[in-house]
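Peer 1: Just need the structure, nothing else, for what follows:
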Amino acid sequence: MAPRLGIFLIWAGACIFLQLDHVDGDLQTTGADHSATVNPDQQLIMTKHSATVTPENKCVFPFNYRGYRYYDCTRTDSFYRWCSLTGTYSGSWKYCAATDYAKCVFPFVYRGQTYDRCTTDGSLFRISWCSVTPNYDHHGAWKYC
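Peer 2: A predicted model of the protein is given here:
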């Protein structure tokens, strides 16, 4: 039992240590295609030289990635939450910090009714939520308050 547990722990530790979670497929910090920089907040920012990046390297919401539209940071193809720095993902992205997540949008429309604050309407467990777009009925994007 002990040898199996030891092997499992070594395997699990190696998997955690060697997580390759880069959204653009591979990380090349020295090359003609990509560059990696660290901004003043110590967040890793990945950019392709040809991409247009927002001022201050801020997340762009919504953004399109592989045929889907994202209204908040995502873990798609990654172990950590990330966002695109362009409206349509073109290789520029960064890991999300606390200030990067989508904000509640007020007022918003839910089931044809306008809300000026978080609501529990429609929540199975009566937990307050809000829309991250002006029209939840159209986009279906939300978050807990």
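
Peer 1: Can you give me the first-to-last residue distance of stretch 119-127?
Peer 2: 8 Å (CA to CA, to the nearest Å).

Peer 1: Repeat that for stretch 86-104.
Peer 2: 21 Å.

Peer 1: Report the beta-bridge partners for the closest residue to residue 138 other than its chain neighbours.
Peer 2: Distances taken as CB to CB, 6 or more residues apart in numbering place residue 109 nearest to residue 138, at 7.9 Å, with adjacent residues excluded. For every residue, glycine as well, the C-beta is placed using N, CA and C. On the basis of DSSP bridges, residue 109 is bridged to residue 114, residue 135.

Peer 1: Residue 109 against residue 137, yeah?
Peer 2: Yes: Residue 109 is in contact with residue 137 according to CB atoms under 8 Å; the separation is 5.6 Å.

Peer 1: mind giving me the domain ranges of the protein?
Peer 2: Recorded structural domains for the chain (assignment: automatic domain parsing) are 20-100, 108-144.

Peer 1: which stretch in those domains is the model least sure about?
Peer 2: Note on these: domain 20-100 shows the lowest mean pLDDT, a mean of 70.

Peer 1: burial of residue 106, as a residue count?
Peer 2: Applying other CB atoms under 10 Å, we find 13 residues neighbouring residue 106.

Peer 1: isn't it right next to residue 119, touching?
Peer 2: No: the criterion here is CB under 8 Å, and residue 106 misses it with residue 119 at 10.6 Å.

Peer 1: okay, and the common contacts of the two?
Peer 2: Shared contacts of residue 106 and residue 119, defined by CB atoms under 8 Å, 6 or more residues apart in numbering, comprise residue 130.

Peer 1: about what we covered before: gap between the residue nearest to residue 138 and residue 119?
Peer 2: 12 Å (CB to CB, to the nearest Å).
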